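Colleague: Would you be able to build a 3D model of this:
(one chain, ligands or ions: 1)
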Amino acid sequence: MTTAIDQSHAILSGPAASNTAGSAARNTARDWDAGLARRTRALGGGEITAILALAGSSDVITFSGGFPDPATFPAEVLADIAARLITEDPGVALQYSATEGIASVRDYVSGRLASVEGSPPGPGELMITSGGIDCMELIAKSYLDAGDAVVVEAPTYLGAIMAFRGYEADVRGVPVDGDGLRTDVLADLLAAGLRPKILYTIPDFQNPTGLTMSAPRRSELIGLARRYGFLIVEDVAYRDLYFENPPPRSLWSIAPDVVLQAGTFSKIFCPGVRLGWAAGPAEIISRLVVAKQNSDQCSGALGQRMLEEYGRGGYLERQLIASRALYARRAALMAQTLTAHMPEGTTWTTPTGGFYIWVTAPDGVDTVALSAAARAQQVAYVPGRPFYPGDDGGAQIRLAYSRVADELIDEGIRRIGAVLRTALEEE
Ligand SMILES: Cc1ncc(COP(=O)(O)O)c(C=O)c1O
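Modeller: Below you'll find the predicted structure:
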């Protein structure tokens, strides 16, 4: 019931009054979807929205998002650094930056690459991006015409599939096994005439499988790129997060002539700053810089300088040691609880780094349909299907252990096991 007070308030306050007018207008709203660009229509994208929507929910044990654990966020040190930058260097930290990134920040990232990869990028071979996905968007925008073929691992990071499809690429999957991308299958496809412009791979502790590409496969892939003239986009989002031993040499460090490395600080620093890097042939980097000028123009200067100060202070490398131990412990807990609770016939990967375990349930299980049952049990995972460019993955699920508290892992996996078991009994 609307009272006199409500009415007078509505008359007096602008926003409320315009809300009323807004509702009337909404009832006669147009069908905006009818005007959607062709390249946007087939995109979907509900999966990532759903994952991010769960970010703040406390009543669900969520294995869904690839979120770093906030325990790894360097809040206190960063508060000091941010305060100092804002008071002492506002002209840089609060200003627009060069599109390719602040020079001192590029210098820091270049030095870090030299120490972890063996050699630094050459002149013009490095830029700062707004996270890993920014690089995929920029490369797609710069190099893909409608119908161009892009090869991805099947399964792969669904944000990358969306970025390539967003520019109407013909995205083709090549399967992975315990040694990573099946280069033999790729070689057959190339021999049969497939001519991709780009091959996108996550060689280290891959999203979603947790698997790593072996050194021989890396050499084979580089050989194929040189022979057939395609660009390898190497996404190293999880490369620094190994549990015991570092993964084999990066593709970019072996073959900077045919590889663009896309890195992100989201998983090893914090995603709140949205920062990453792209390292590759100078000609390509210069194109990406032009493409960035008409998207976000530059990555946020405050975040860039915070990262630089944090890194130069030695904090990032110390944080990495703690992060590796944390995620290794979670992965081990996951392995124990999966063994205890998964129904017979279910298999899963054993990652040696990163955030993910990839579970394959017996044939016939539909993990998309079951995600509602899982939600009813207050547990969340991402079903396998969206990670494939085609229709596979119906009986698979991705479990991210990175942000689930140790003490909730057993209960969460028990609930998922129960949901799968019920589905199998009902078959
Ligand atoms: C393989 C991979 N690349 C890139 C990203 C996105 O990174 P960012 O959040 O820095 O854009 C993710 C995030 O989950 C990822 O798993």
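
Colleague: any idea how far the residue of the stretch 301-427 of the chain found nearest the ligand is from D33?
Modeller: Distances between the stretch 301-427 of the chain and the ligand by Cβ to the nearest ligand atom are smallest at F355, namely 7.6 Å. Using the backbone N, CA and C atoms, a C-beta is placed for each residue, glycine as well. For F355, the distance to D33 equals 34 Å [Cβ to Cβ, to the nearest Å].

Colleague: How about V382?
Modeller: From V382 over to D33 the distance is 25 Å, taken as Cβ to Cβ.

Colleague: which one of these two has more residues nearby?
Modeller: Set side by side, V382 and D33 show more neighbours around V382, with 27 against 8, by other Cβ atoms under 10 Å.

Colleague: per-residue confidence at the residue of the stretch 301-427 of the chain closest to the ligand?
Modeller: We have a pLDDT of 98 for F355.

Colleague: Excluding chain neighbours, give the residue nearest to D391 in space.
Modeller: Among residues not flanking D391 along the chain, R385 sits closest, at 7.3 Å (Cβ to Cβ, 6 or more residues apart in numbering).

Colleague: Surely that neighbour and L370 touch.
Modeller: No. Counting by Cβ atoms under 8 Å, L370 is not a contact partner of R385; they are 11.8 Å apart.

Colleague: Test my guess that D59 contacts A376.
Modeller: No. Counting by Cβ under 8 Å, D59 does not reach A376; the two are 12.0 Å apart.

Colleague: which of these two has more neighbours?
Modeller: Taking other Cβ under 10 Å, D59 and A376 do not tie; A376 has more neighbours (10 against 6).

Colleague: Tell me the spacing between the more buried one and R195.
Modeller: Distance, A376 to R195, by Cβ to Cβ: 47 Å.

Colleague: near the ligand, which residues of the stretch 101-250 of the chain show up?
Modeller: For the stretch 101-250 of the chain, the residues found near the ligand under the criterion Cβ under 6 Å from any ligand atom are G131, G132, I133, Y157, G159, I202, N207, D235, A237.

Colleague: just to revisit the earlier point, let's verify the residue nearest to the residue of the stretch 301-427 of the chain closest to the ligand when sequence neighbours are not counted: helix, strand, or coil?
Modeller: Spatial nearest neighbour of F355, excluding adjacent residues (Cβ to Cβ, 6+ apart): S402 at 3.9 Å. Counting by DSSP: H, G, I helix; E, B strand; the rest coil, the backbone at S402 sits in coil.

Colleague: okay, now S402: neighbour count?
Modeller: Residues lying near S402 (other Cβ under 10 Å) number 23.

Colleague: Now do the contacts for it.
Modeller: G66, F67, P68, D69, Y327, R330, F355 (Cβ atoms under 8 Å, 6 or more residues apart in numbering).

Colleague: Most neighbours of all these, which one?
Modeller: Among the contacts of S402, F355 has the most neighbours (other Cβ under 10 Å), with 28 neighbours.

Colleague: Surely it is in contact with T209?
Modeller: No. F355 lies out of contact with T209 (Cβ under 8 Å); the separation is 11.3 Å.

Colleague: ok, back up a step: what's the farthest-apart pair in the residues of the stretch 101-250 of the chain next to the ligand?
Modeller: Taking Cβ to Cβ as the measure, these span a maximum distance of 14.7 Å, between G131 and I202.

Colleague: residue contacts, K197?
Modeller: By Cβ under 8 Å, 6+ apart, the contact list for K197 reads Y143, L144, D148, A149, V150, F230, L231.

Colleague: Restricted to strands, list these.
Modeller: Judged by DSSP state E, strands contain the following of the contacts of K197: A149, V150, L231.

Colleague: what's around the first one, how many residues?
Modeller: Spelled out, that is A149. 18.

Colleague: Tell me where the model's unsure across this structure.
Modeller: 1-27, 42, 44-57 (pLDDT under 70).

Colleague: let's see 50
Modeller: Flagging of the chain using pLDDT under 50 yields the residue ranges 1-17.

Colleague: Please report how far the residue nearest to T40 when sequence neighbours are not counted lies from the ligand.
Modeller: Distance criterion Cβ to Cβ, 6+ apart; nearest residue to T40, sequence neighbours excluded, is G166 at 7.2 Å. G166 sits at a distance of 14 Å from the ligand (criterion: Cβ to the nearest ligand atom, to the nearest Å).

Colleague: same deal with L94?
Modeller: 22 Å.

Colleague: Was I right to think that residue contacts G303?
Modeller: No. If you go by Cβ under 8 Å, L94 and G303 don't touch, sitting 11.4 Å apart.

Colleague: Of these two, which one has the most company?
Modeller: Remark: of L94 and G303, G303 carries more neighbours, 22 against 13, as counted by other Cβ under 10 Å.

Colleague: Against which helices or strands is the helix or strand containing the more buried one packed?
Modeller: Assigned by DSSP states H and E, G303 falls within helix 301-312. For helix 301-312, the packing partners by 3 or more Cβ pairs under 8 Å, 6 or more residues apart in numbering; DSSP states H and E come out as helix 75-88, helix 90-93, helix 103-117, helix 315-341.
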